[in-house]
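*Asks:* Turn this into a model:
(2 chains)
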Amino acid sequence: MSAVIRAELARVASALGAAEAPFVLERPRDLGHGDLATNLALLIARERKANPRKVAAEVVAALVLPEGVVEKTEIAGPGFINFWLAGDQLAAALGAIVRAGDAYGRADFGRGVRVNVEFVSANPTGPLHVGHGRGAALGDGIAALLEETGHAVTREFYINDAGVQIDRLVESLWARIQQQRGVPAALPEGGYQGEYLSEAAERALVELEPPLLAGSREAATPALRRFILGQQRKEQDELLRDFGVRFDQHSSEQAIYDSGRIDVLLAELDAKGLTYTHENALWLRTTEFGDDKDRVLRKSDGTLTYLVPDLAYHRDKHERGFDRVIDVWGADHHGYIPRMRAALRALGYPDEFFEVALVQLVKVVKGGEEVRMSKRAGDFVTLRELLDWVGSDAARYFFLMRKGETPFVFDVDLARKQTDENPVFYVQMAHARLSGIFRVGGMTPEQVGDSAELAALTAPEDAELLKLLIRFPDQVAGAAREREPHRITGYLEELARSVHYWYHHCRVLGEPEATERSRLVLARAARQVLRNGLTLLGLSAPDRM
RNA sequence: GCGCCCGUAGCUCAGGUGGAUAGAGCAUCAGCCUUCUAAGCUGAGGGUCGUGCGUUCGAAUCGCACCGGGCGCACCA
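*Replies:* Sure thing, here's the model as predicted:
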């Protein structure tokens, strides 16, 4: 129905000589401003230097709408035109929500677009910390939103399993193993101190051949490397599974080296004349593509900078056919974005191909104090500890309720609270309460059907709740376009508030037949929307709490 | 010094890509239990949207300058 109004507004606009006016027809925030509002008259008035309210009157006079679409039209404020939709269309919208069920909120504007969302991508040198948890929640949330809007999504984890950090990790493990065998050994310079390596050493002593561990470090290195990378990977996988995140693909930095993709990349850049040698180092002309300085590809000592495998990796993603790549990075890497973008431009990829979602630091507060240390990991709080404290639902919700690029204080005590102060609890409780109505009524939500009479929904709270439910698909689409899952948590809190309010003011069971039946359909629809929103974000929608 | 992000109620934060009287939660204060979960609900107070100019019919939103905070400026990863 909004399409009908939009088309008619466009017709009127061109009749008034403003065919190009980029007017909007949107749902106003304020319910007192009707169901839909347009700024068309304001735009025309701007061009004509005329009085906006007079123009609005002109527009309204010119509008020709079919019967039964709009109940009331009003000119308001500086010249907005507000529309109140006819009531039976609200009832129809209610039925449509119920019939769509789990699919309500889905869209298909992403159909045919292949997106790779790469997130977490933690170094395999230690346990995942809370920052990785935030990245995991955000990456998975963005991926889910894109899927919900029709995109073909691949969730990917990039393993930095090459380089000096891994050598240091293996050396550290070797030292711990020797210490446990009673042989004095010191951790290498810049080695890994955390207790998790001692645990890994214990397992290594059980699982690996004793002669190997008693021999030279050089001889044991390949086996130790395989062992520790496998351990770390397994531990990370288990943790992420407990967090409700699964990946479609893991890609290895070492595999990039082993596959020869590095040489192909360097040859391609060279063929394009984009590299040069200066002071024994090989440089890439990224300044030609918007970077503030050229970047080194191969250092004068012959080794490659990190940019090279990373670029080869992104080139690989492009060759796998993705139209778009979204990398979720820690905000401390933001300075790396311009050079990556420039390098990808150098390869001839369109700017839309590469996108970065930044995640700021997480500070954990418990008992009113910042928690800084983890016994197991050393100088950070692990994701496992956080999950043990608050559970997966609360952790995910909290990470998603703020924009990624703002620093976040995770209040553990709040996340544990079983009261309305805790937003997760508040939203899930709204769902449980609605489920309770059906339980007490001795029926399932499905049994109430999909037909409601608007005339039987007598309270203003009924209509307000329904109008909120109608906004859900717009919220999902907006959140997906902007890669902002926090819009969904915000919406869910608003909806939960509306549900609790409605629940308090409007009886369902025991009301006159038509009202009871219609409110049951409304309750079914509200429960469905809460459930869809929670599920979308990877949270449970409990029927009881 | 250069670049990016941020500054909104006592606190934590929302404020589709310029719209109508700037919102929510917490906290504070005042109320509400014959009710489908009181594990809840209702109401009230509280703001120079960091500051100043500018663009516009209209600015928290866009531009410029300044103040204050964070991060980044590698032949590290």
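
*Asks:* what about dumping the CA coordinates of stretch A:382-402 to PDB?
*Replies:* Extracted C-alpha coordinates of stretch A:382-402, given in PDB (Å, rounded to 0.1, in the frame of the first residue of the first chain):
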ATOM      1  CA  THR A 382      39.500 -14.900  28.000                       C
ATOM      2  CA  LEU A 383      36.300 -15.400  26.100                       C
ATOM      3  CA  ARG A 384      35.900 -18.700  27.900                       C
ATOM      4  CA  GLU A 385      36.000 -17.000  31.300                       C
ATOM      5  CA  LEU A 386      33.300 -14.500  30.100                       C
ATOM      6  CA  LEU A 387      31.100 -17.300  28.900                       C
ATOM      7  CA  ASP A 388      31.500 -19.100  32.200                       C
ATOM      8  CA  TRP A 389      30.400 -15.900  34.000                       C
ATOM      9  CA  VAL A 390      27.400 -14.800  31.900                       C
ATOM     10  CA  GLY A 391      26.600 -17.500  29.300                       C
ATOM     11  CA  SER A 392      26.500 -17.300  25.500                       C
ATOM     12  CA  ASP A 393      23.200 -15.400  25.100                       C
ATOM     13  CA  ALA A 394      24.100 -12.500  27.400                       C
ATOM     14  CA  ALA A 395      27.700 -12.300  26.000                       C
ATOM     15  CA  ARG A 396      26.500 -12.200  22.400                       C
ATOM     16  CA  TYR A 397      23.700  -9.700  23.100                       C
ATOM     17  CA  PHE A 398      26.000  -7.400  25.000                       C
ATOM     18  CA  PHE A 399      28.600  -7.400  22.300                       C
ATOM     19  CA  LEU A 400      26.000  -6.600  19.700                       C
ATOM     20  CA  MET A 401      24.100  -3.900  21.600                       C
ATOM     21  CA  ARG A 402      26.700  -1.200  20.800                       C
END
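
*Asks:* check whether that stretch contacts RNA strand B.
*Replies:* Yes - contact of stretch A:382-402 with RNA strand B (C-beta under 7 Å from any atom of the strand) involves A:Arg402. Any C-beta I mention is one placed from the backbone N, CA and C, and that applies to glycine too.

*Asks:* Point me to the residue of chain A nearest RNA strand B.
*Replies:* A:Gly335 (2.0 Å; C-beta to the nearest atom of the strand).

*Asks:* residues near that residue, how many?
*Replies:* 8 (other C-beta atoms under 10 Å).

*Asks:* A:Glu370 too?
*Replies:* Each residue near A:Glu370 was counted by other C-beta under 10 Å, and the total is 11.

*Asks:* Just give the number of residues close to the residue nearest to it when sequence neighbours are not counted.
*Replies:* Distances taken as C-beta to C-beta, 6 or more residues apart in numbering place A:Lys363 nearest to A:Glu370, at 5.9 Å, with adjacent residues excluded. A:Lys363 has 15 neighbours, counted by other C-beta under 10 Å.

*Asks:* Quickly list what A:Lys363 is bridged to.
*Replies:* A:Val409 (DSSP bridges).

*Asks:* Can you tell me how far it is from A:Arg384?
*Replies:* Noted for A:Lys363: a distance of 18 Å to A:Arg384, by C-beta to C-beta, to the nearest Å.

*Asks:* A:Val365 too?
*Replies:* For A:Val365, the distance to A:Arg384 equals 18 Å [C-beta to C-beta].

*Asks:* Identify the residues contacting A:Ala61.
*Replies:* Listed by C-beta atoms under 8 Å, 6 or more residues apart in numbering, A:Ala61 has no contact partners.

*Asks:* Looking at the residue nearest to A:Glu370 now. What's its pLDDT?
*Replies:* On the pLDDT scale, A:Lys363 is placed at 85.

*Asks:* ok, A:Phe425 - how many residues close by?
*Replies:* By the criterion of other C-beta under 10 Å, A:Phe425 has 22 neighbours.

*Asks:* what's the helix or strand for it?
*Replies:* Assigned by DSSP states H and E, A:Phe425 falls within helix A:423-440.

*Asks:* which strands and helices sit next to that helix?
*Replies:* Using 3 or more C-beta pairs under 8 Å, 6 or more residues apart in numbering; DSSP states H and E, the elements in contact with helix A:423-440 are helix A:383-400, helix A:486-505, helix A:513-536.

*Asks:* I figured the residue nearest to A:Glu370 hits A:Pro407, correct?
*Replies:* Yes - at 7.1 Å, A:Lys363 counts as touching A:Pro407 under the criterion of C-beta atoms under 8 Å.

*Asks:* before we move on, back to that, does RNA strand B have contacts with the helix holding A:Phe425?
*Replies:* Yes - Helix A:423-440 reaches RNA strand B (C-beta under 7 Å from any atom of the strand) through A:Pro423, A:Phe425, A:Tyr426, A:Met429, A:Ala432, A:Arg433, A:Gly436, A:Ile437, A:Arg439, A:Val440.

*Asks:* Pull out the buried residues from that helix.
*Replies:* Using 16 or more other C-beta atoms under 10 Å as the test for burial, helix A:423-440 gives A:423-435, A:437-438.

*Asks:* which one of those residues is nearest A:Gly510?
*Replies:* Closest approach between the buried residues of helix A:423-440 and A:Gly510, by C-beta to C-beta: A:Ile437, at 11.1 Å.

*Asks:* Distance check, the closest one against A:Lys363.
*Replies:* Distance of A:Ile437 to A:Lys363, computed by C-beta to C-beta: 40 Å.

*Asks:* Identify the spatial nearest neighbour of A:Gly436, chain neighbours not counted.
*Replies:* Among residues not flanking A:Gly436 along the chain, A:Arg544 sits closest, at 7.4 Å (C-beta to C-beta, 6+ apart).

*Asks:* Show the subsequent helix or strand relative to the helix holding A:Phe425.
*Replies:* Following helix A:423-440 in sequence order, the next helix or strand is helix A:460-470 (DSSP H and E).
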